[in-house]
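S.K.: Pasting the sequence and the predicted coordinates here, then a few questions.
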Amino acid sequence: MPPRIALRAVVGGAVAMMAAALGVASALAGAPPGPAAGAALVPAPAIRYGRDIRPLLSDRCFLCHGPDRAKQKAGLRLDSFEDATAAREDGAAIVPGKPDESLLLQRITSSAPDEVMPPPDSGKHAVTAVEAALLRQWIAEGAHYEKHWAFVAPQRSVAPPVKDVAWPRTEIDRFVLANLERQGAHPSAEADRATLCRRVYLDLTGLPPTPEEATAFMADERADAYEHLVDRLLTQEPYRTRYAERMAVPWLDVARYADTSGIHMDAGRQMWLWRDWVIKAFRDNKPYDRFIVEQLAGD
């Protein structure tokens, strides 16, 4: 059996990756356009169906060419390799390794209103040149499909190689730096202690530190003062509850939680018990598998 993963580890990892992504965006915003002259860039990652292609096809194509037979047009499905590559009267929608023979690319790049996909009256945005190039490369590489990530056993990722081996402090840093180097950008200078304090309070509790809390951190001269601050926000009250409330909000939003029904009646709803249960689960660092199983049982 794999080790049980606690909610704090799951969400903490997500927060760390979110912060990493924001760091990349921030650095790129101030970077000059294009790679620096002579820079040795990290190779771009291979195109993946689940990460790069499925979201695009789902947004533009699956409404009419997905698994719902009631809405399916022309008997075409693009959500499975077998259906998308099947021989058809006018040719296959996708011909692995041959983008120029793939009807999918011909239709999304057509300028004729009665041929282009998605149709102009579909309410869908047209496929951009960048997106079309992504699809072309994916087809040229074999148009490999993947199962949805939820049905694939997780595997530990290998941290990518980087040019500046002295900068990373953790494995996550290497993923961040690899993206920066791929774009010809460089990490920003390390933030000062006051900024770090404010960031970690906002990330973990959703609230900025009070002047007293910020002063206390600034006065802590220990080498691991930042680590102590993080531990305190995660384990000591009132911060532990604030952290739980902050982490519960996205989960409640996805489930469309509300205290009232809204719209015309705006009558009360008796769902606050589940809201409090979610908050308590984060506060107590409930194992993630139990968090999921208990909600399925409750449904």
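M.R.: Nice, thanks for sending it over. Residues are numbered from 1 along each chain as shown.

S.K.: A248 against V278, yeah?
M.R.: Yes. Applying Cβ atoms under 8 Å, one finds A248 in contact with V278, separated by 4.7 Å. Using the backbone N, CA and C atoms, a C-beta is placed for each residue, glycine as well.

S.K.: How many residues are close by P154?
M.R.: Using other Cβ atoms under 10 Å, P154 has 8 other residues around it.

S.K.: contacting residues for it?
M.R.: With contact set as Cβ atoms under 8 Å, 6 or more residues apart in numbering, P154 has no partners.

S.K.: how close does it get to A46?
M.R.: Per Cβ to Cβ, to the nearest Å, P154 is found 19 Å from A46.

S.K.: what do you get for E221?
M.R.: 47 Å.

S.K.: Between those two, tell me which one has more neighbours.
M.R.: Neighbours were counted for E221 and for A46 using other Cβ under 10 Å; A46 has more, 10 against 6.

S.K.: Now for R256, how many residues are close by?
M.R.: 6.

S.K.: can you map out the strands along the stretch 51-200 of the chain?
M.R.: Ranges of strands in the stretch 51-200 of the chain, per DSSP state E, counting those that start in this stretch: none exist.

S.K.: which stretches of it form helices?
M.R.: Using DSSP state H, counting those that start in this stretch, the helices of the stretch 51-200 of the chain run over 54-60, 62-65, 81-84, 103-108, 129-140, 171-182, 193-205.

S.K.: Alpha carbons of the longest one, in CSV - could you do that?
M.R.: Spelled out, that is helix 193-205. Listed next in CSV are the C-alpha coordinates belonging to helix 193-205 (Å, rounded to 0.1, in the frame of the first residue of the first chain):
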residue,chain,number,x,y,z
ARG,A,193,12.0,39.3,4.8
ALA,A,194,9.0,41.7,5.0
THR,A,195,7.8,40.6,1.6
LEU,A,196,8.3,36.9,2.4
CYS,A,197,6.3,37.3,5.6
ARG,A,198,3.5,39.0,3.8
ARG,A,199,3.4,36.4,1.0
VAL,A,200,3.3,33.4,3.3
TYR,A,201,0.5,34.9,5.4
LEU,A,202,-1.5,35.6,2.3
ASP,A,203,-0.8,32.2,0.8
LEU,A,204,-1.7,30.2,3.8
THR,A,205,-4.3,32.2,5.6
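
S.K.: just checking, next helix/strand downstream of that helix?
M.R.: Counting by DSSP states H and E, the next helix or strand C-terminal to helix 193-205 is helix 211-219.

S.K.: contacting residues around that next one?
M.R.: R193, A194, C197, R198, Y201, P209, A225, L229.

S.K.: I263: which of those residues is nearest?
M.R.: Y201 (36.0 Å; Cβ to Cβ).

S.K.: Skipping its backbone neighbours, what lies nearest M117 in space?
M.R.: Nearest residue to M117, sequence neighbours excluded (Cβ to Cβ, 6 or more residues apart in numbering): R107, at 4.1 Å.
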